[in-house]
Structure formats: C-alpha cells, structure tokens
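K.L.:
requesting a structural model of the entry that follows:
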Amino acid sequence: MGKISAGSYDLNTFLHGGYETDIVTVFYGGAGTGKTNLCLLTAVSQAKKGNKVIFVDTEGGFSVDRVKQMVGEKDGVDEVLKNIFLLKPTSFKEQKEAFEELQKRLNKQVDLIVVDGMTILYRLEFADAREKGEKEIHKINSILVRQIKLLAEIARKREIPVLVTNQVYRWEDSDKMVGGDILKYWGKCLIELTNDKGRRVMSLRKHRSLAEKDLVFQIYDGGVRRRGWL
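P.N.:
Have a look, this model is predicted:
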C-alpha cells in the first residue's frame, strides 16, 4: 500500500503520509467547503513532479489562475498544466463519454485521477428521471455505479490514486451524500468538509487504518494549511 502527497505538510501529517494509492478517496460537503481546492492541490503537487493527472471537472471549478497561485513560480506553470489532462463534461451523457475517454488514456502513464463533481450531473439527470419512472431511475443509478466501480477497480488493480468530490443535501437535520450509499460503499476513505462562517473543518469519517478525527484548516494562495485540531 503506497501513498501520494496531499500537497500540504499539514494534510500529510493529518493523513499519516497522504492519500492511499489503491483506493477511492471521497471528499463531500456543501458549496465553498474546499473540495475543489483539495483536489487541485494534489493535482498540482503531482504535476510539478512530472506525474500525469486526469482531471474530470463537471462543475467548472478548475482554475488556471488558482493553479498559478499554488505553483508559485511563473516559469513552472506551463509545465504543470501540460501534465494535467482536463475533461469538462456538461451533461450526464458527456460524463459517461468522459469516463470512456478516461479508460482510453489509461493506455498511457497516469499517476492520479480526479473527478471533481461526481454527482452534480447525475443529480440533474435524476431529477428528470423521476418524472419518467422507476426504469429510468434504475438506468442512471446503474451508470453511476459502473463509473465509481470502474474508478475503484483502477485504483485497486493499477494502484492509481483516485480523488472524488461529492455534494450533500439536507435531510432531517443532517447532511447526506448525494447518490445514497453508492459513493459511501465504493469510497474507502471518506472526508467530510464543512465551513461554518469561515471556520473550515476536515473530518475523517472512514479510513482503513486511521481513527475518526478532525482538522481545522485554512485555504490560502499556496494551498491549504492547518489552523488547529479539534
């Protein structure tokens, strides 16, 4: 079992070395909690080393300006961006096509896969499917299962780390992950992110070897750093 750097000394300390390479790590939380920043930070960290990254951006959160801030060196930005292959689906159908393209790219060297917004396009499709009946709902659920299962198999068999972000919705005074138990089952590391009036907290909810714990963190130009422990 290997690990890759999260791109931050404080995050690596929190995770005892970084993200595991043979599993899917899922970040989940509301808007503005830091999910995209964590993905970008790891992607930039790997790309700076010359490693190849596939970044599936369904929410339009990938920012070249943010990459420049994280790189911190004007001359190195182009080389970093050359190592990040960006896919930008805008519908659930295009997301399915993006996963087909992802599989083709695996014929070449790939060191990290990021899917920033695994369920936002699924959620839009699900809303339409509800009007068409159970058969259509089952169809799109099956597609989502195949996609996350594919990511889990890639991670396990090829030891390519996979980072995925997921949205949440409010149900009976608590936040639930979109997609029900689909991502909860296939994600072997679950990290919940919250932002309460600028106080950002990262909570480790599921891990194969680490106990549940929390980290108060700050997003700054260079990436992410610790503000305290809970």
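K.L.:
now the nearest residue to residue 188 once chain neighbours are set aside: phi and psi?
P.N.:
The spatially closest residue to residue 188, leaving aside those adjacent along the chain, is residue 23, at 3.9 Å (CB to CB, 6 or more residues apart in numbering). Quick note: C-beta positions are derived from backbone N, CA and C, even for glycine. Per-residue torsions, residue 23: phi -140, psi 170 (degrees, to the nearest 10).
K.L.:
again, but for residue 225
P.N.:
Per-residue torsions, residue 225: phi -140, psi 160 (degrees, to the nearest 10).
K.L.:
ok, residue 42 next?
P.N.:
Main-chain torsions, residue 42, degrees, to the nearest 10: phi -70, psi -40.
K.L.:
what helix or strand is the closest residue to it other than its chain neighbours on?
P.N.:
Of all residues not flanking residue 42 in the chain, residue 7 sits nearest, at 5.0 Å (CB to CB, 6+ apart). Per DSSP states H and E: residue 7 is located in neither a helix nor a strand.
K.L.:
ditto for residue 145
P.N.:
helix 134-158.
K.L.:
how many neighbours does residue 177 have?
P.N.:
21 (other CB atoms under 10 Å).
K.L.:
that one against residue 164, yeah?
P.N.:
No. Contact criterion CB atoms under 8 Å: residue 177 and residue 164 do not qualify, at 10.9 Å.
K.L.:
between these two, what contacts are shared?
P.N.:
Residues touching both residue 177 and residue 164 (CB atoms under 8 Å, 6 or more residues apart in numbering) are 26, 183.
K.L.:
list the contacts for the nearest residue to residue 106 once chain neighbours are set aside?
P.N.:
Nearest non-adjacent residue to residue 106, counting by CB to CB, 6+ apart: residue 154, 6.9 Å away. Residue 154 sits next to 106, 113, 160, 162 when contact means CB under 8 Å, 6+ apart.
K.L.:
circling back to that earlier point, give me the contact list for the next helix-or-strand element following the helix holding residue 145.
P.N.:
Reading on from helix 134-158 to the C-terminus, the next helix or strand found by DSSP H and E is strand 162-166. Applying CB under 8 Å, 6+ apart, the contact partners of strand 162-166 are 19, 23-28, 35-36, 38-39, 42, 112-119, 148, 151-152, 154-155, 177-179, 183, 187.
K.L.:
mind listing the strands strand 162-166 pairs with, and their directions?
P.N.:
Looking at strand 162-166 with DSSP bridges, its partner strands are strand 24-29 (parallel), strand 112-116 (parallel).
K.L.:
thinking again about what came up before, show me which of the contacts of residue 154 are buried.
P.N.:
By neighbour count, with 16 or more other CB atoms under 10 Å, the contacts of residue 154 hold 113, 160, 162 as buried.
K.L.:
so the residue positioned nearest the centre of the chain bridges to which residues?
P.N.:
Central residue of the chain (CA atoms, centre = their mean): residue 164, 2.6 Å from the mean position. Per DSSP bridges, the residues bridged to residue 164 are residue 26, residue 115.
K.L.:
buried ones in the helix or strand hosting residue 96?
P.N.:
Under the criterion of DSSP H and E, residue 96 resides in helix 92-105. Going by neighbour count (16+ other CB under 10 Å), the buried part of helix 92-105 is 92, 95, 96, 98, 99, 102.
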